[in-house]
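>>> model this:
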Amino acid sequence: MELVLSPYLLAAASGWVVAQGTKYIVATIKGRKLHNLRQLYLSGSMPSAHSATVVALLVIIGLKDGMESGLFGLAALFAAVVMYDAVMVRRSSGEQGASLTELLASLKSTVRVPRVAKGHTPFEVVGGVLVGLLVGTVVYFATVV
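Down below sits the predicted model:
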């Protein structure tokens, strides 16, 4: 019995794993310590795992189904929305969260401060796009029959 993996799901999952692994490596180098395991699952930081995931999926769809296919058009729109959200919406709400955290600290408030998700800078999204391009291409050529 042969195990059949969807190259589409493989590309998307691999994009996420490679991006999150890269975040861990970057955080370890920046912090000069190995105990930054939170980078393996937290959002934010370099590169954007959201961007890497959707771009890897976009690339595999483009290479397998053609860039003129309806599925590619849908994937391109999906990727654009995800990347816009990472930079514009999530980053803005993260900055608001950081401001509220500062305000609560300055007021010595007893209100519990939740974790603030930062979103991404444009540079972090571009990093994710590059990871996604690479991963999607590698998965395509690894799964061509």
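
>>> Next one: the spatially most central residue of the chain, what pLDDT does it get?
Closest to where the C-alpha atoms of the chain average out (CA atoms, centre = their mean) is Ala49, at 1.6 Å. On pLDDT, Ala49 comes in at 89.

>>> same question, Leu10
93.

>>> Can you tell me the element it falls in?
Applying DSSP states H and E as the criterion places Leu10 in helix 7-31.

>>> Buried residues, that helix. List them.
Residues of helix 7-31 classed as buried: 7-8, 10-16, 18-20, 22-24, 26-27 (neighbour count, 16 or more other CB atoms under 10 Å). C-beta: built from backbone N, CA, C; applies to glycine.

>>> show me where pLDDT drops low in the chain?
Low-confidence segments of the chain, defined by pLDDT under 70: 1-4, 32-44, 89-92, 94, 97, 116, 145.

>>> what ranges do the strands span in it?
In the chain, no segments count as strands under DSSP state E.

>>> Could I get the full set of helices for it?
Along the chain, the segments classed as helices by DSSP state H run 7-31, 49-65, 70-84, 90-106, 122-143.

>>> Save the ones you listed as TSV, and put in distance to Val113 too.
Rendered in TSV, the data for the helices of the chain read as follows (distance: least, CB to CB, whole Å):
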stretch	distance to Val113
helix 7-31	22
helix 49-65	24
helix 70-84	27
helix 90-106	5
helix 122-143	24
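
>>> Can you tell me which of those helices is packed in deepest?
Burial of these is given as mean neighbour count (mean count of other CB atoms under 10 Å); helix 49-65 ranks first at a mean of 25.

>>> Packing partners of it?
If contacts are counted by 3 or more CB pairs under 8 Å, 6 or more residues apart in numbering; DSSP states H and E, helix 49-65 sits against helix 7-31, helix 70-84, helix 122-143.

>>> just so I know, which of the ones you listed lies nearest Val111?
Val111 lies closest, by CB to CB, to one member of those: helix 7-31, at 28.6 Å.
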